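> Curious how this folds, go ahead:
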Amino acid sequence: MERREPPETEEGWYALHDFRTIDWDAWRAAPEAVRERAIEEGVEYLASHEALDDVETEDDEDSEDGEKGASAVFSVLGHEADLMIMHLRPAMADVERAERRFERTAFAEFTTHSDSFVSVTEASGYTTDLDDEEMDAGLRRYIDMRLHPRLPDAEYVCFYPMDKRRGERNNWYDLPFSERAEHMSAHGDIGRKYAGKVTQIVTGSVGFDDWEWGVTLFADDPAEIKHLLYEMRFDPSTSRYAEFGSFYFGRRFPPADLEAYMAGAAVPSPEDEPVGDDAPTADGTAVTDDTTTAGETAATDARVGPADGASADGGTERESVDPGLGPAVEAVDDSIEAPEGAYAVLVESEADESEVAEAVEDLRGNFAHYDSHVATSVGSEADLATVASVWETERAAETAAGFLADLPGETDHRVGPVDTSGDGDGDGDGDSTPEA
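Numbers count the residues shown, from 1 in each chain. Below is the predicted model of the structure:
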């Protein structure tokens with residue numbers, strides 16, 4: 001009997017999706033002082049965990065910027081739950097402690113556990129040899145980005161668990177490795193079409209929960225999540241080999257809006273700072289939060305590229321943002337036609353232009369897979385090699401910057417709008433390749 005070859009996996013941060021149902025009758029019946037204390041402790045818990053006050057944040061080898069995870073709270077539509085609290089942490093003990101700490105709050109007394117999902121971010125070796133000692137820096141950053149993601153600042157979220165089918169006729173685990181890898185590659189091609197629209201975090205849960213993977217999708221337009229999942233239904237890796245659990249859909253809101261949520265008011269509140277990059281933390285400061293996605297798993301495997309609307313450098317802050325890079329782009333290549341709202345990455349390098357051009361050619365082949373890529377060109381100015389890479393969305397440009405920053409001899413790189421006279425929102429996330 002032939003034993004099939006499993007793909008290698010590499011694990012990163014542990015994840016908890018904690019679903020809560022609110023006892024509204026008990027809330028309405030509670031004295032005002034009790035409700036006030038519950039809100040105060042609930043806000044304190046959510047804000048402190050979003051600010052990562054519960055974990056150490058010194059620089060270490062787990063994350064290039066020293067961050068140790070992420071947390072967020074979402075309102076959930078429908079009867080399945082009222083709230084979803086999502087935690088990403090470097091150790092299983094960290095998420096277990098975060099769960100227990102919530103139970104100690106006065107707010108938890110008005111909630112019950114309606115569901116939960118325990119998992120870990122993961123990279124798998126369907127298309128990449130994780131043990132390759134000669135792996136280029138760009139691919140290594142890409143994998144690190146998936147293992148140590150940041151939560152997107154998109155408004156809407158969709159979570160669902162899934163398995164690979166093990167039926168008598170369609171058994172994923174009986175397929176040869178090469179056939180499974182081919183399915184994953186084709187599946188990823190669909191996800192890349194949604195660059196700038198949907199971002200994902202995929203986590204593995206074999207041995208941790210009842211399902212094998214969890215998929216968390218983020219988007220500013222909820223219809224885009226529906227479009228993506230609908231299209232994926234017709235892909236053989238889904239139609240023949242995937243099974244799904246319950247779907248949860250919700251909206252992110254800042255911890256400070258917990259009182260407004262419980263009062264039936266609009267959340268996020270109109271006067272609030274935007275959720276995500278500028279959301280206030282427990283100490284009143286702003287969290288600088290580039291969007292990333294996680295977990296290259298058996299559910300999704302695609303070659304390196306700005307597929308996830310993420311900071312490809314694993315969260316490094318952008319070097320600078322220029323108020324219009326059109327003239328600089330034109331100086332590199334005046335044939336580039338940037339669409340309205342486009343963003344550019346400009347890189348300067350002390351290396352020989354031919355060496356830079358060769359490195360860019362390798363990246364350009366990957367960039368070409370993404371619909372949000374406009375053009376990438378190499379030129380020279382003042383004894384420096386220069387690179388201009390133009391993208392339809394800011395998020396995709398920042399992702400590309402993470403790879404371009406690794407060009408040989410790089411001395412400076414900038415990200416900014418090509419033309420500030422337009423009204424482009426530049427807000428889209430990168431694409432994703434979820435299983436659906």
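> Quick check: pLDDT value at Asp132.
On pLDDT, Asp132 comes in at 63.
> ok, and the closest non-adjacent residue to Gly78?
Phe249 (7.1 Å; CB to CB, 6 or more residues apart in numbering). Heads up, the C-betas are built off the backbone N, CA and C, glycines and all.
> Poorly predicted segments of the stretch 201-350 of the chain, please.
271-323 (pLDDT under 70).
> Now do the same contact list for the residue nearest to Gly78.
Val76, Leu77, Gly78, Tyr156, Val157, Cys158, Pro222, Ile225 (CB atoms under 8 Å, 6 or more residues apart in numbering).
> Over to Asp334?
Under the criterion of CB under 8 Å, 6+ apart, Asp334 has no contact partners.
> Let me know the distance separating it from His87.
49 Å (CB to CB, to the nearest Å).
> Surely Ile22 and Thr111 touch.
Yes: shown here, Ile22 and Thr111 form a contact pair, counting by CB atoms under 8 Å, at 5.5 Å.
> which one of those two has more residues nearby?
Applying other CB atoms under 10 Å to Ile22 and Thr111 shows that Thr111 carries more neighbours, namely 24 against 17.
> which non-adjacent residue is nearest the more buried one?
Per CB to CB, 6+ apart, closest to Thr111 is Arg20, 4.2 Å.
> ok, that neighbour - how many residues close by?
Residues lying near Arg20 (other CB under 10 Å) number 21.
> you'd agree it is in a strand?
Yes: counting by DSSP: H, G, I helix; E, B strand; the rest coil, Arg20 is part of a strand.
> Quick check: it touching Asp115?
No: counting by CB under 8 Å, Arg20 does not reach Asp115; the two are 9.0 Å apart.
> Which neighbours do those two have in common?
Ala81.
> got the buried residues for the helix ranked longest in the chain?
If you go by DSSP state H, the chain has its longest helix at helix 32-50. Of all the residues in helix 32-50, those buried under the rule 16 or more other CB atoms under 10 Å are 35, 37-39, 41-50.
> who does that helix touch, helix- and strand-wise?
strand 70-76, helix 92-103, helix 258-262 (3 or more CB pairs under 8 Å, 6 or more residues apart in numbering; DSSP states H and E).
> CA atoms of the longest one as PDB?
Written as PDB, here are the backbone C-alpha positions of helix 92-103 (Å, rounded to 0.1, in the frame of the first residue of the first chain):
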ATOM      1  CA  MET A  92      -0.500  28.500  22.800                       C
ATOM      2  CA  ALA A  93      -0.200  29.500  26.500                       C
ATOM      3  CA  ASP A  94      -0.700  33.100  25.500                       C
ATOM      4  CA  VAL A  95      -4.100  32.600  23.800                       C
ATOM      5  CA  GLU A  96      -5.200  30.200  26.600                       C
ATOM      6  CA  ARG A  97      -4.400  33.000  29.100                       C
ATOM      7  CA  ALA A  98      -6.200  35.600  27.000                       C
ATOM      8  CA  GLU A  99      -9.300  33.400  27.100                       C
ATOM      9  CA  ARG A 100      -9.200  33.000  30.800                       C
ATOM     10  CA  ARG A 101      -8.600  36.700  31.400                       C
ATOM     11  CA  PHE A 102     -11.700  37.600  29.600                       C
ATOM     12  CA  GLU A 103     -13.700  35.200  31.800                       C
END
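> What is it packed up against?
strand 9-22, helix 32-50, strand 83-89, strand 111-124.
> One more pass at 6 Å, please.
strand 9-22, strand 83-89 (3 or more CB pairs under 6 Å, 6 or more residues apart in numbering; DSSP states H and E).
> could I get those strands as TSV with mean pLDDT?
Shown next, in TSV, are the helices and strands packed on helix 92-103 (pLDDT from 0 to 100):
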stretch	mean pLDDT
strand 9-22	96
strand 83-89	98
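> Quick check: chain neighbours aside, which residue is closest to Glu243?
Setting aside the residues directly before and after it, Glu243 is nearest to Asp163 in space (CB to CB, 6+ apart), at 4.7 Å.
> Wait, that neighbour touches Glu212, no?
Yes: using CB atoms under 6 Å, Asp163 is in contact with Glu212, at 4.8 Å.
> Stretch 406-418: which residues count as buried?
So, applying 16+ other CB under 10 Å, buried residues of stretch 406-418: Asp406, Leu407, Glu410, His413, Arg414, Val415, Gly416, Pro417, Val418.
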